[in-house]
Structures are given as C-alpha cells and as structure tokens.
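In: need a 3D model of the sequence below.
(one chain, ligands or ions: 1)
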Amino acid sequence: MADETEKEKPEGGEEALDRRQFFVRVGVGSLAVAGLGTAVFAYQFLSPNVLYEPSPIVNVGSPESYPPNSVTLDPQAAIYIVREAPGFYALTAICTHLGCLTAWKPELGIIACPCHGSKFNRDGAVIAGPAPRPLPWFRMWLSDDGDLMVDRSSPIAARQFVRI
Ligand code: FES
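Out: Purely as a prediction, here's the structure:
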C-alpha cells in the first residue's frame, strides 16, 4: 500500500505544486497591479479637469472698521479698501505690469510696487514706472448685513464710491 501511495504522487509533487501556486500568485498579483493602475488612470482621465478657485466675491467687513481717509490692504484678497470723504472704493493690489503684490506707503501717500518700481496714486492712477495701466477699481456694495462686499471679477470705472 505504501508503495502505491508513493507511485500516485508524481516525482517532486509537492514542490511542483508549490511552484505552480507561486506562479499563479505572481500572475494574479501582476494582474491586480495592472488593473489597479488602469483604474487609477481611467479615473484621472474621466474626472473633469477643474481648478477650484476661491470666490471672487469677498466680505471685507463693516464700514466702521475702516478709519476715515484710510487705505487698507487685504493681502488675502489682494485688494485695497479705501475710505475717503465721498465714500468707499476697492481696487486691486496686483500691479498691472507683471502682477506683483503692491504695498501702500502711508508716509508717501502712494501705492508702490516692489518689483520694478511702479507707483500709483491711492485711486490707482499710474504716477511712475513700467505699469501700463492704472489699478482697476472693483464693484463694491453694502450687503444686507451692512458689510462691505467686493467683487474682484467686476472691474468698474473709477470714481464710483459706495456712500454710507
Ligand atoms: S510688477 Fe509691478 S512694476 Fe513690474
């Protein structure tokens, strides 16, 4: 009986079975990796290629938070909120030359660009430098809550004040 059992097993049977299982597992693993890679690329290909940007409309707070005759830079929104006697207005803080963030210089009463030296009046008009255009004004209004709102996607003609 013992001889028959040994004869039924092929020579090196367990070893051959282990080798077969090894190659089956390698094959299944390779297919799984290839399938996963295909799924990832298919998902990326089919997903909309959308760049999510923050809203162009920003709430810049209550009018009382701005002192009379002041220029306030909001660096997050890259805009200036200006309060003058006739009212409020907002203009971009992005230089019209090559897009640097400008800075308000209260001692000089001007807006200056640190990159190439453009200078602007507080109403955005170009005084000096390579900037080709004035800083555009943006649409501004009072919300129902009494806060000042600015739409950075809506340039308007200069000298349109929000009167409080
Ligand atoms: S980017 Fe402002 S002067 Fe060049």
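In: show me the shaky parts of this protein.
Out: 1-16 (pLDDT under 70).
In: who in it is up against the ligand?
Out: Counting by CB under 6 Å from any ligand atom, the chain comes close to the ligand at 95, 97-98, 100, 113, 115-118, 129-131. (C-beta placed from N, C-alpha, C; glycine too.)
In: who's in contact with residue 97?
Out: Listed by CB atoms under 8 Å, 6 or more residues apart in numbering, the contact set of residue 97 reads 113, 115-116, 118, 129-132.
In: dump the C-alpha coordinates for stretch 29-43 into PDB.
Out: Extracted in PDB, the C-alpha atoms of stretch 29-43 (Å, rounded to 0.1, in the frame of the first residue of the first chain):
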ATOM      1  CA  GLY A  29      -0.700  39.800  -8.300                       C
ATOM      2  CA  SER A  30       0.500  41.200 -11.600                       C
ATOM      3  CA  LEU A  31      -3.000  41.400 -13.000                       C
ATOM      4  CA  ALA A  32      -4.200  43.100  -9.800                       C
ATOM      5  CA  VAL A  33      -1.500  45.700 -10.000                       C
ATOM      6  CA  ALA A  34      -2.100  46.300 -13.700                       C
ATOM      7  CA  GLY A  35      -5.900  46.500 -13.100                       C
ATOM      8  CA  LEU A  36      -5.400  49.000 -10.300                       C
ATOM      9  CA  GLY A  37      -3.100  51.100 -12.400                       C
ATOM     10  CA  THR A  38      -5.600  51.000 -15.200                       C
ATOM     11  CA  ALA A  39      -8.400  52.000 -12.900                       C
ATOM     12  CA  VAL A  40      -6.400  55.000 -11.500                       C
ATOM     13  CA  PHE A  41      -5.600  56.300 -14.900                       C
ATOM     14  CA  ALA A  42      -9.100  55.800 -16.100                       C
ATOM     15  CA  TYR A  43     -10.400  57.700 -13.100                       C
END
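In: for it, buried residues please.
Out: Neighbour-count burial for stretch 29-43, counted by 16 or more other CB atoms under 10 Å, picks out no residue.
In: ok now that stretch, how far from the chain's centre?
Out: Counting by CA atoms, centre = their mean, to the nearest Å, stretch 29-43 is centred 31 Å from the centre of its parent chain.
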